[in-house]
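Enquirer: With the input below, show me the fold.
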Amino acid sequence: MTIKIAPSILSADFANLQRDIERISTADLVHVDVMDGMFVPNISIGIPVVQSLHPTTTLPLDVHLMITQPIRYVEQFCDAGADIVSCHVEADTPPNIHKALELIHAKGKKAGVVLKPNTPAQAVLPFIKEVDMILVMTVEPGFGGQKFMADMMPKVRIIRGYIDEMNPACDLEVDGGIDPATAAVAIEAGANVLVAGSAVYKAADISECIAALRNA
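Expert: Alright, predicted model coming up:
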């Protein structure tokens with residue numbers, strides 16, 4: 001299983017985003033957290049920032065929409081340069097989430113679904129054959145720097161089983177409290193894409209930290 005590292009720019013210096021994206025050039029993806037202040041109690045960045053980031057890196061932009069009714073904006077994020085767009089299953093009705101995934105694919109981009117900690121693994125089943133990535137939150141979404149929730153690992157294992165059976169090409173991503181120690185736990189449970197914010201950007205040597213995560 002190839003392990004991919006997706007540093008979250010939520011922990012970057014927003015006054016120097018281009019510099020901080022260049023500092024993670026040895027990673028596999030750039031994780032972009034989009035929050036609307038409604039679906040989660042925080043506001044982060046939006047379409048213009050994704051548009052300005054796109055030309056600064058050759059790494060795929062992994063855009064995690066923590067927004068209500070993502071169907072309203074998925075096409076605009078694709079047009080802005082997102083390579084992967086993931087929507088929370090809790091953010092709208094199942095038909096609208098299906099439609100949002102369809103719109104993302106119609107733009108030639110990869111589509112994903114995301115589960116909050118309290119959402120059961122089974123919630124991915126209606127979408128599993130139409131996604132390229134499933135993201136399991138290992139913290140409550142909305143803020144960086146939270147502690148890893150090890151009790152999410154049974155959910156990760158269950159979803160890994162679903163993926164292996166129904167959509168083997170699908171990536172399984174975890175996000176929240178990932179450092180070299182928790183990365184090993186998440187990989188053992190079946191995750192192959194690791195989002196890490198604070199651990200990467202607070203590291204004395206970012207490239208070393210990314211390598212440590214990848215080899216955890």
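Enquirer: can we go C-alpha only for contacts and neighbour counts from here?
Expert: Will do.
Enquirer: just the strands in the protein please.
Expert: Applying DSSP state E to the chain gives strands spanning 4-7, 30-35, 61-66, 84-88, 110-115, 133-137, 171-175, 193-196.
Enquirer: what sits opposite the closest residue to L101 other than its chain neighbours in the beta ladder?
Expert: Nearest residue to L101, sequence neighbours excluded (Cα to Cα, 6 or more residues apart in numbering): A111, at 5.6 Å. Listed beta-bridge partners, A111: V85 (assigned using DSSP bridges).
Enquirer: A111 contacts D132, doesn't it?
Expert: Yes: counting by Cα atoms under 8 Å, A111 touches D132, with 5.5 Å between them.
Enquirer: and E75, how many neighbours?
Expert: Neighbourhood size, E75 [other Cα atoms under 10 Å]: 20.
Enquirer: what about it, distance to L101?
Expert: 10 Å (Cα to Cα, to the nearest Å).
Enquirer: what ranges of the chain fall below the confidence cut-off?
Expert: Applying pLDDT under 70 to the chain picks out residues 144-145.
Enquirer: Let me see the ranges of the helices in it.
Expert: Applying DSSP state H to the chain gives helices spanning 17-22, 47-53, 74-80, 94-106, 153-166, 180-189, 198-201, 206-214.
Enquirer: How about stretch 23-33, which residues are buried there?
Expert: By 16 or more other Cα atoms under 10 Å, the buried positions in stretch 23-33 come out as 23-25, 27-33.
Enquirer: Just the closest of these to K147, please.
Expert: For the buried residues of stretch 23-33, the minimum distance to K147 (Cα to Cα) is 17.4 Å, reached by D33.
Enquirer: residues in contact with the closest one?
Expert: Neighbour list for D33: 8-10, 44-45, 63-66 [criterion: Cα atoms under 8 Å, 6 or more residues apart in numbering].
Enquirer: which residues are in contact with stretch 117-128?
Expert: Applying Cα under 8 Å, 6+ apart, the contact partners of stretch 117-128 are 89, 98, 113, 115, 134, 136-140, 152, 155-156, 158-159, 162-163, 166-167.
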